[in-house]
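Return atomic coordinates for the entry below.
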Amino acid sequence: MTLRISTNAIYQAGTTQINTLQSQMAKTQMQLSTNKRMLTAADDPIGSAKALELTQSQSMNTQFGTNRTNAKSSLSLVDKTLTDVSNQIQDIQTLIVTAGNGGYTQSDREALAIELEGRMADLLGSANTTDGAGTYLFSGYKTTTQPFTQTPAGATYQGDQGQRMLQVGSARKMAISESGSAIFEANVTGNGTFVTQAAGTNTGAGIISPGAVTDATKLTGHDYAIAFQVAGTPAVTTYTVTDNSTSPASAVLSNQPYTAGAAIAFDGMSFDIKGAPANGDQFSVQPSQKQSVFTSITNLIQTLRSPSDGSDGKAALANNLNAASLNMKNALDNVLTVQASVGARLKEVDSLDSTGDDLNIQYQTTLSDLQDLDMVKAVSLYTQQQQTLQAAQVSFKTMSGLSLFNYIS
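Numbering: from 1, shown residues only. Sure thing, here's the model as predicted:
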């Protein structure tokens with residue numbers, strides 16, 4: 001049987017083959033121009049799916065990098081502001097020491113009080129710091145609300161307890177702000193466990209120390225009163241310690257002989273009283289409380305403006321200055337604790353940046369392995385396709401030129 005191929009079939013087959021070769025060559029040329037092995041998902045469905053997943057992961061890693069930059073900017077501003085606050089509190093501590101100068105007159109202390117008012121204004125300014133775009137650093141979630149407003153008793157906090165969070169890694173959210181309440185209002189009074197204080201009505205020259213905890217297992221958290229009695233000739237000074245938290249109030253120590261500077265110890269606490277308390281003078285021992293640094297400064301200003309004449313006035317001044325000094329120390333310790341936390345987060349951001357850079361290199365390398373073209377192989381293939389196409393074009397031209405009419409004379 002003889003197979004007859006029509007001229008039309010020859011043309012169609014030749015054209016189809018040339019078009020196919022041209023398409024293959026065009027694809028190779030596109031791969032060479034883009035340096036990509038996969039032009040469409042059809043070229044490698046599994047590789048394309050993996051490349052898409054890696055590209056998305058790389059995009060998320062890039063966004064985390066942007067978030068870390070924003071976090072670093074915010075935390076750096078918080079850290080700088082806390083440094084300013086620390087310096088301001090240290091200046092106030094210096095003024096407290098200066099105020100204790102026995103040679104100072106009331107006008108000298110008034111000058112210190114005026115200076116303290118300026119220091120308080122500076123501290124309020126730091127507490128109300130913004131990021132330059134109108135967002136308050138220390139107002140919690142209430143970013144457009146001024147955190148502190150000055151009052152006769154100190155300052156009122158108008159923010160909340162929130163900390164703004166930012167995703168800085170695939171599994172890490174980080175606080176990029178601090179609550180003003182945690183910085184300026186979470187300052188314990190006294191020694192952190194209990195606070196000793198002289199009554200404002202004392203007429204003697206007794207000065208009480210801050211004291212310390214001697215046995216934490218015996219602490220009760222109760223309110224105590226130390227009352228002094230001076231009687232007899234020669235005068236003998238004794239004291240009684242009463243627990244006012246019981247009902248009725250109960251004596252803890254009764255008619256104890258008083259020796260200036262000797263330890264007074266009970267219920268896991270120890271402190272001393274120096275000087276000469278008068279008959280009826282009282283001192284208190286109460287659990288430490290949280291107090292705003294602005295309240296502490298306001299009380300200090302009032303202390304400096306109160307008359308301190310006579311032995312009782314000097315004792316009241318010394319007691320109040322001692323309390324102010326301890327409160328400001330606690331305030332500074334609290335600020336430094338918060339600042340240490342901010343510094344730790346800044347260090348973590350640097351570490352996460354390094355990890356993110358390494359991860360980005362890993363993603364890039366894996367994507368390169370999946371997508372990039374083997375240039376040597378592709379150039380060789382392109383040359384082969386070019387020669388094949390040229391051969392096909394020549395052979396098609398030769399075949400299409402064959403005709404019996406060429407042999408008829």
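
can you give me the helices in the stretch 251-400 of the chain?
Using DSSP state H, counting those that start in this stretch, the helices of the stretch 251-400 of the chain run over 293-305, 310-371, 375-400.

Residue 360 against residue 60, yeah?
No: the pair residue 360 / residue 60 is not scored as a contact, 10.8 Å apart, by C-beta atoms under 8 Å. (Each C-beta comes from the backbone N, C-alpha and C, glycine too.)

what's near enough to touch residue 312?
By C-beta atoms under 8 Å, 6 or more residues apart in numbering, the residues touching residue 312 are 202, 203, 204, 205, 278.

hey, least reliable of the helices of the stretch 251-400 of the chain by pLDDT?
Lowest mean pLDDT within these: helix 375-400, a mean of 68.

so where is the stretch 1-150 of the chain shaky, pLDDT-wise?
Along the stretch 1-150 of the chain, the model assigns pLDDT under 70 to residues 1-7, 9-11, 13-14, 27-28, 31-44, 47-49, 51.

which residues in it form helices?
Using DSSP H, counting those that start in this stretch, helices in the stretch 1-150 of the chain cover 7-34, 45-99, 106-127.

between those, which gets nearest to residue 251?
helix 45-99 (35.6 Å; C-beta to C-beta).

Quick check: which helices or strands does that closest one pack against?
helix 106-127, strand 165-169, helix 293-305, helix 310-371 (3 or more C-beta pairs under 8 Å, 6 or more residues apart in numbering; DSSP states H and E).

Tell me which of those sits most buried.
Sort the helices and strands packed on helix 45-99 by mean neighbour count, taking mean count of other C-beta atoms under 10 Å, and helix 293-305 sits at the top with a mean of 21.

Show me the contact partners of that one.
Under C-beta under 8 Å, 6+ apart, the answer for helix 293-305 is 89, 92, 96, 99, 109-110, 112-113, 116-117, 119-120, 123-124, 148, 150, 152-155, 184-185, 187, 317, 320-321, 324, 327-328, 331.

check contacts around residue 229.
By C-beta under 8 Å, 6+ apart, the contact list for residue 229 reads 237, 238, 239, 240, 255, 279, 280.

does it sit in a helix, a strand or a coil?
Under DSSP: H, G, I helix; E, B strand; the rest coil, residue 229 falls in the strand class.

That one bridge partners, please.
residue 238 (DSSP bridges).

Check the gap between it and residue 84 for me.
The gap separating residue 229 from residue 84 is 50 Å, by C-beta to C-beta, to the nearest Å.

Next: residue 212.
In this structure, residue 212 and residue 84 are 32 Å apart, going by C-beta to C-beta.

picking up where we left off before, pick the one among the contacts of residue 229 closest to residue 26.
Nearest to residue 26 out of the contacts of residue 229 is residue 239 (C-beta to C-beta; 104.1 Å).

can you list the domain ranges for the protein.
23-189+289-392, 194-288 (automatic domain parsing).

tell me how far the first one is from the chain's mean position?
Domain 23-189+289-392 has its average C-alpha position 5 Å from the chain's average C-alpha position, going by C-alpha atoms, centre = their mean, to the nearest Å.

Can you give me the distance of residue 162 to residue 156?
Using C-beta to C-beta, residue 162 is found at 18 Å from residue 156.

ditto for residue 262
Taken as C-beta to C-beta, the span from residue 262 to residue 156 is 43 Å.

Also residue 198?
28 Å.

who has more neighbours, these two?
More crowded of residue 198 and residue 156, by other C-beta atoms under 10 Å: residue 198, with 25 against 13.

Residue 183 contacts residue 85, doesn't it?
Yes: the pair residue 183 / residue 85 is scored as a contact, 7.4 Å apart, by C-beta under 8 Å.

Would you mind listing the residues touching both of those two?
127, 335.

Next, count neighbours for the closest residue to residue 158 other than its chain neighbours.
Nearest residue to residue 158, sequence neighbours excluded (C-beta to C-beta, 6 or more residues apart in numbering): residue 145, at 5.5 Å. By other C-beta under 10 Å, 12 other residues sit near residue 145.

Now residue 145, what are its backbone angles?
Main-chain dihedrals, residue 145, degrees, to the nearest 10: phi -100, psi 130.

For it, give me its contacts.
If you count contacts by C-beta under 8 Å, 6+ apart, then residue 145 has 136, 139, 158, 159 around it.

nearest to residue 307, of those?
Using C-beta to C-beta, those come closest to residue 307 at residue 158, 35.3 Å.

Would you check that that closest one makes contact with residue 150?
No: Residue 158 is not in contact with residue 150 according to C-beta under 8 Å; the separation is 11.6 Å.

correct me, but residue 206 touches residue 271?
No: Residue 206 is beyond contact range of residue 271, at 11.8 Å (criterion: C-beta under 8 Å).

Please identify which of those two sits among more neighbours.
The neighbour comparison of residue 206 against residue 271 (other C-beta under 10 Å) goes to residue 206, with 29 against 21.

and the gap between residue 360 and residue 19?
Distance from residue 360 to residue 19, by C-beta to C-beta: 43 Å.

Kindly report the same for residue 310.
In terms of C-beta to C-beta, residue 310 sits 114 Å off from residue 19.

Please apply the same query to residue 64.
48 Å.

who's more crowded, the two?
residue 64 (22 against 10).

Mind putting the contacts of residue 312 into JSON lines with neighbour count, pLDDT and secondary structure?
Output for these, formatted as JSON lines (neighbours: other C-beta atoms under 10 Å; pLDDT from 0 to 100; DSSP: H, G, I helix; E, B strand; the rest coil):
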{"residue": "202", "neighbour count": "19", "pLDDT": "94", "secondary structure": "coil"}
{"residue": "203", "neighbour count": "17", "pLDDT": "93", "secondary structure": "coil"}
{"residue": "204", "neighbour count": "20", "pLDDT": "93", "secondary structure": "coil"}
{"residue": "205", "neighbour count": "20", "pLDDT": "94", "secondary structure": "coil"}
{"residue": "278", "neighbour count": "16", "pLDDT": "95", "secondary structure": "coil"}
